[in-house]
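K.L.:
Could you work out the structure for the sequence below:
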Amino acid sequence: METWQFSLFFAALLLGYIVVHVRVARFEEYLRELGSLKSIDDRIGALAAQLPKAEPARLDRIEALLQQLHEDLEDLRETTAQVEEAVVQIPTPQQTAAAAAAAAPMLSPGERIAAVVELRLLQLGYTHLRLLTDLKNLPLDGDVEVQVECERRHMPAKGRVLLRNGAIRDLTLQTVAPTFP
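P.N.:
Purely as a prediction, here's the structure:
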């Protein structure tokens, strides 16, 4: 075994030792936390043993506080459910393409071209889409060029989308920042 091979082997062995040592240290910390939980469990047991001896007014106060805690947790659960519903889930391109294909027979050729262009730009993260080309009388087959204006991350962009037989062939968009003097 050559010197450089031995050096690499030794470095790998040292690195492995360090990783194992760090993991063991973390595990020891975790075990210490579990030990503190045992003391909490003992204190709760002692509290449970003292409860029958406690005053009724104090028990009513503890019960009211536990009820308030329960209501707060219910409110928190409802709020998180509302937040979960409010999160917008972006459909995968396969689902979107399937939905576009299912709706395609009902659309005119110009509407199909507009839908394909808008869908692609939305997938790329563009917003505030404006199609500048009149698409009413465009054929679905052949080459079509659509002029567009849109925004991405609040930066206006302009450009063109080239389609061939209803599918996007080329997309050229440029932000206005490089063109501004």
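
K.L.:
lowest confidence element among the helices and strands of the protein?
P.N.:
Here the helix or strand of the chain ranked lowest by mean pLDDT, DSSP states H and E is helix 93-103, holding a mean of 54.

K.L.:
Show me which positions of the next helix-or-strand element following that one end up buried.
P.N.:
Next in sequence after helix 93-103, counting helices and strands by DSSP states H and E, comes helix 109-123. Of the residues in helix 109-123, P109, G110, R112, I113, A114, V116, V117, E118, L119, R120, L121 count as buried by neighbour count, 16 or more other Cβ atoms under 10 Å. All C-beta spots, glycine's among them, are computed from the backbone N, C-alpha and C.

K.L.:
For D42, give me the pLDDT.
P.N.:
Here the pLDDT value assigned to D42 is 80.

K.L.:
what domains does the record give for this structure?
P.N.:
In terms of domains, the chain is parsed into 3-86, 93-175 (source: automatic domain parsing).

K.L.:
Could you single out the most deeply buried of the ones you listed?
P.N.:
When neighbours are counted by mean count of other Cβ atoms under 10 Å, the highest per-stretch mean among the domains of the chain falls to domain 93-175, a mean of 14.

K.L.:
Could you tell me how far it lies from the centre of the chain?
P.N.:
Chain-centre distance of domain 93-175: 25 Å, with Cα atoms, centre = their mean, to the nearest Å.

K.L.:
just for the chain, where's the confidence low?
P.N.:
Regions of the chain meeting the criterion pLDDT under 70 cover residues 51-52, 54, 83-105, 178-181.

K.L.:
What's the separation between R152 and L34?
P.N.:
As defined by Cβ to Cβ, to the nearest Å, R152 lies at a distance of 50 Å from L34.

K.L.:
three-state assignment of L34?
P.N.:
Under the three-state scheme (DSSP: H, G, I helix; E, B strand; the rest coil), L34 adopts helix.

K.L.:
got it, and A177?
P.N.:
Under three-state DSSP, A177 falls in the coil class.

K.L.:
From R152, how far out is it?
P.N.:
Between A177 and R152 the distance, using Cβ to Cβ, works out to 11 Å.

K.L.:
Please, where are all the helices along this protein?
P.N.:
Under the criterion DSSP state H, helices of the chain are mapped to 3-50, 56-86, 93-103, 109-123.

K.L.:
What is the last one packed up against?
P.N.:
Other elements packing on helix 109-123 under the criterion 3 or more Cβ pairs under 8 Å, 6 or more residues apart in numbering; DSSP states H and E are helix 93-103, strand 127-131, strand 143-152, strand 155-164, strand 167-175.
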